[in-house]
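Enquirer: quick check, what structure comes out for this input:
(one chain, ligands or ions: 2)
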Amino acid sequence: MSVLPPVRKDRIIAQLPKFFNKGAALHTKDEFHPKVKTACQEQRTGTVGFKISKVIVVGDLAVGKTCLINRFCKDVFDKNYKATIGVDFEMERFEVLGVPFSLQLWDTAGQERFKCIASTYYRGAQAVVIVFDLNDVASLQHTRQWLEDAMKENDPTSVLLFLVGTKKDLSSPAQYSLIEQDAVKLASEINAEYWAVSSLSGENVREFFFRVASLTFEANVLAELEKSGSRRIGEVVSNHHPVPQSFIQVKQVRCCWN
Ligand SMILES: Nc1nc2c(ncn2[C@@H]2O[C@H](COP(=O)(O)OP(=O)(O)OP(=O)(O)O)[C@@H](O)[C@H]2O)c(=O)[nH]1
Ligand SMILES: [Mg+2]
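Expert: Ligands and ions are numbered 1, 2, ... in the order given. A predicted model of the protein is given here:
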């Protein structure tokens with residue numbers, strides 16, 4: 001018997017949410033991968049329904065990481081800045097294509113003096129959200145460093161990356177389109193999906209997290225399917241050359257859509 005309450009009605013995902021910008025999307029398909037849809041219909045998603053996927057949110061101080069998470073998880077916005085000390089996390093439960101799926105959203109500190117505490121929590125992320133302020137070019141320039149730090153603790157071939165510009169409500173259309181060009185360019189260079197949001201107005205916040213949940217779910221199901229398929233192949237291969245598990249896992253995620 002399940003002890004968990006049912007998933008909230010507004011956390012049910014029945015369709016793949018759309019990307020934000022075609023020039024910087026993790027993929028541009030309209031629907032979930034056919035293998036994922038079939039596996040969900042046939043209830044062959046293995047352990048995915050019991051898993052909690054870790055998402056880490058990193059970026060400069062005061063760019064709006066905490067506000068972004070709080071807008072989505074609690075539907076609140078605080079205009080006063082209170083620095084995050086170390087880390088904090090929120091759990092969000094979804095239902096994707098009828099399968100329960102949970103995200104653990106880790107809100108980390110951007111302030112230099114708390115960075116070493118925060119970085120100890122980077123390990124094991126399935127998605128990394130790198131946040132910058134759309135009104136502060138320096139915060140966009142610093143995202144490469146945040147990426148490098150996050151990747152020291154994670155496998156770059158299996159992590160989904162998102163580059164998120166915040167405080168969209170504060171930028172004029174002209175200012176916005178200037179920084180967007182740089183952000184889209186950077187996102188496509190680092191293989192991240194780009195989003196622009198406002199936690200004050202709520203613009204794109206829900207859409208963004210639904211996309212994170214959906215793409216993470218899709219990658220998990222594909223990896224699970226690959227694992228159940230490769231177990232048989234692995235058994236045959238291992239009679240001759242043992243295949244390290246890490247190699248199999250890298251392949252699983254890499255071949256998502258190819
Ligand atoms: N206008 C506007 N202000 C925002 C938005 N998001 C955040 N802010 C403000 O920006 C400041 C910093 O926001 P936080 O979410 O605390 O920033 P943070 O990235 O978590 O900062 P650290 O915890 O120090 O790393 C606060 O004063 C927020 O009210 C937004 O979308 N629009
Ligand atoms: Mg914070």
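Enquirer: next up, the contacts around the residue nearest the centre of the chain.
Expert: The centroid of the chain falls nearest to residue 127 when counting by Cα atoms, centre = their mean (3.6 Å). Contacts for residue 127 (Cβ atoms under 8 Å, 6 or more residues apart in numbering) come out as 53, 54, 55, 56, 159, 160, 161, 162, 212, 215, 216. Bear in mind the C-beta positions are built from the backbone N, C-alpha and C, glycine included.
Enquirer: can you tell me which of the residues you listed are up against ligand 2?
Expert: Among the contacts of residue 127, not one lies near ligand 2 by Cβ under 5 Å from the ion.
Enquirer: and these, which two are furthest apart?
Expert: 56 and 215 (15.2 Å; Cβ to Cβ).
Enquirer: of the two, who's got more company?
Expert: Counting neighbours by other Cβ atoms under 10 Å for residue 56 and for residue 215 shows that residue 56 has the greater number, 28 against 23.
Enquirer: can you redo the contacts of residue 127 as TSV with distance to residue 222, secondary structure and pLDDT?
Expert: Compiled in TSV, the contacts of residue 127 are given as follows (distance: Cβ to Cβ, whole Å; DSSP: H, G, I helix; E, B strand; the rest coil; pLDDT from 0 to 100):
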residue	distance to residue 222	secondary structure	pLDDT
53	13	strand	97
54	18	strand	97
55	18	strand	98
56	21	strand	98
159	15	coil	97
160	12	strand	98
161	17	strand	98
162	18	strand	98
212	16	helix	98
215	11	helix	98
216	11	helix	98
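Enquirer: distance to residue 146 added to those residues, as JSON lines?
Expert: Shown next, in JSON lines, are the contacts of residue 127 (distance: Cβ to Cβ, whole Å):
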{"residue": "53", "distance to residue 146": "20"}
{"residue": "54", "distance to residue 146": "16"}
{"residue": "55", "distance to residue 146": "14"}
{"residue": "56", "distance to residue 146": "10"}
{"residue": "159", "distance to residue 146": "13"}
{"residue": "160", "distance to residue 146": "15"}
{"residue": "161", "distance to residue 146": "11"}
{"residue": "162", "distance to residue 146": "12"}
{"residue": "212", "distance to residue 146": "17"}
{"residue": "215", "distance to residue 146": "20"}
{"residue": "216", "distance to residue 146": "19"}
